[in-house]
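In: only geometry, no sequence info:
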């Protein structure tokens, strides 16, 4: 069991290391601590913290740095989020002040804003799609047997894709097919729409089209695009700032991280965190490198959900070095997710049929 003074010293070592990136010695702590403690007493307490595995020695320096165990203990028991500054509020609100045509544009922009605010890599996820329904489908002729398929969902997403259509499909057949889709599938969850494409809809289309497969392929492709989770990443290059050295092993690690954040499946696994990682009295979660994967051993991930009521939930996340200033980042992420939820709720209010 650590004493109150030892807990205070651990907390201060973590804060100072986040600020300076340098190992922390007893003299530095003596000046920084809010209580008067002799250098010898601090060294004794640091020895206890080191023996318990909360701090560790770094190379030949006389100072100490937090260990993974120390960070985990700090996050579970000691961290106190600091309130976002008025400047933070101003930057966030001004950055969102533009006209958006699609909900995904807001989520995409939010990743850029968050990465600019923090100098870390930000990941944002739009509202979950499991309860999303189809609200409309249409085809826009482009000439030369090419059409743009546009699919709109209740989540506010508008998916579009350009296709070449079989020359055997007439414009009358396409119009009938579009009417059948909208009459039979609008209002249904996307998962059920996908199911009916395989059973039911083809038989109806057969009554009006000699070969409905070409049309069904178009609709199925754009539906898959709409049903995918949409992840947006801002500040990819910020990862370069946290290479400890330019050694081959660090570069290989960075390559692995880039591959991970560029693949939706890998991102989904990374962000699928359990409630065990949740901070006390908070819905924000923090995972440290060794709790995720070898390629992320020098990084930490902070995640927070945002709630849109009937429209579901989304997520915002920060990927940065283990030594990040957690108090500030957690406080900032809390404010940011609330502001993002407001912007998305406003979008739904102004464009209810999108």
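Out: In hand now; what should we look at? Worth saying up front: this structure is predicted, and the values here are computed from it rather than measured.
In: show me where this protein has its helices.
Out: For the chain, the helices defined by DSSP state H occupy 4-20, 26-32, 39-51, 68-73, 86-95, 103-118, 171-185, 190-198, 201-206, 213-227, 248-261, 264-271, 326-350.
In: dump the ones you listed into CSV; add mean neighbour count as well.
Out: No exception for glycine: its C-beta is placed from N, CA and C like everyone else's. Shown next, in CSV, are these (neighbours: other Cβ atoms under 10 Å):
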stretch, mean neighbour count
helix 4-20, 19
helix 26-32, 15
helix 39-51, 16
helix 68-73, 20
helix 86-95, 13
helix 103-118, 21
helix 171-185, 16
helix 190-198, 16
helix 201-206, 15
helix 213-227, 18
helix 248-261, 14
helix 264-271, 15
helix 326-350, 19
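In: any chance of these in CSV, with distance to residue 133 and mean pLDDT too?
Out: Below are these laid out as CSV (distance: least, Cβ to Cβ, whole Å; pLDDT from 0 to 100):
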stretch, distance to residue 133, mean pLDDT
helix 4-20, 45, 95
helix 26-32, 56, 92
helix 39-51, 55, 94
helix 68-73, 42, 95
helix 86-95, 31, 91
helix 103-118, 14, 91
helix 171-185, 9, 82
helix 190-198, 7, 78
helix 201-206, 16, 70
helix 213-227, 11, 73
helix 248-261, 30, 76
helix 264-271, 22, 77
helix 326-350, 13, 90
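In: what residues go with each domain of this protein?
Out: Domains of the chain are assigned by automatic domain parsing as 4-78, 86-128+229-350, 134-227.
In: before we move on, the earlier item: relative to residue 159, which of the helices of the chain is closest?
Out: Closest to residue 159 of those is helix 213-227 (Cβ to Cβ; 4.4 Å).
In: pretty sure residue 345 contacts residue 307?
Out: No. Assessed by Cβ atoms under 8 Å, residue 345 is found out of contact with residue 307, at 9.6 Å.
In: quick revisit: just put the helices of the chain in CSV and tack on distance to residue 80.
Out: Putting the helices of the chain into CSV (distance: least, Cβ to Cβ, whole Å) gives the following:
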stretch, distance to residue 80
helix 4-20, 9
helix 26-32, 16
helix 39-51, 19
helix 68-73, 14
helix 86-95, 17
helix 103-118, 18
helix 171-185, 51
helix 190-198, 42
helix 201-206, 56
helix 213-227, 41
helix 248-261, 29
helix 264-271, 25
helix 326-350, 6
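In: first-to-last residue distance for stretch 16-29?
Out: Start-to-end span of stretch 16-29 (Cα to Cα, to the nearest Å) is 9 Å.
In: identify all contacting residues around it.
Out: Under the contact criterion Cβ atoms under 8 Å, 6 or more residues apart in numbering, stretch 16-29 has outside partners 9, 12-13, 32, 37, 39, 42-43, 46, 57-58, 61-66, 323-326.
In: hmm, try it at 6 Å
Out: For stretch 16-29, contacts defined as Cβ atoms under 6 Å, 6 or more residues apart in numbering pick out 12-13, 39, 42-43, 58, 61-66, 323, 325.
In: repeat that for stretch 183-199.
Out: 132-134, 220, 227.
In: how far out from the middle of the chain is stretch 75-95?
Out: Distance of stretch 75-95 from the chain centroid (Cα atoms, centre = their mean, to the nearest Å) equals 17 Å.
In: right, I mislabeled it, should have said stretch 263-271
Out: Distance of stretch 263-271 from its chain centroid, counting by Cα atoms, centre = their mean, is 10 Å.
In: now do stretch 160-170
Out: The answer for stretch 160-170 is 35 Å, by Cα atoms, centre = their mean.
In: buried sites along that stretch?
Out: 163, 165, 169 (16 or more other Cβ atoms under 10 Å).
In: reformat these as TSV; add distance to residue 339 and pLDDT.
Out: Shown next, in TSV, are the buried residues of stretch 160-170 (distance: Cβ to Cβ, whole Å; pLDDT from 0 to 100):
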residue	distance to residue 339	pLDDT
163	38	82
165	43	77
169	46	74
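In: what is the nearest of those to residue 141?
Out: For the buried residues of stretch 160-170, the residue nearest residue 141 by Cβ to Cβ is residue 165; the value is 9.1 Å.
In: which residues does the closest one contact?
Out: By Cβ under 6 Å, 6+ apart, the residues touching residue 165 are 145, 147.
In: contacts for stretch 307-326?
Out: The contact list for stretch 307-326 (Cβ under 6 Å, 6+ apart) reads 17-18, 79, 120-128, 242, 289, 299-306, 337, 344, 348.
In: test my guess that residue 299 contacts residue 289.
Out: Yes. Between residue 299 and residue 289 there is a contact at 5.1 Å, judged by Cβ atoms under 6 Å.
In: thanks a lot, see you next time.
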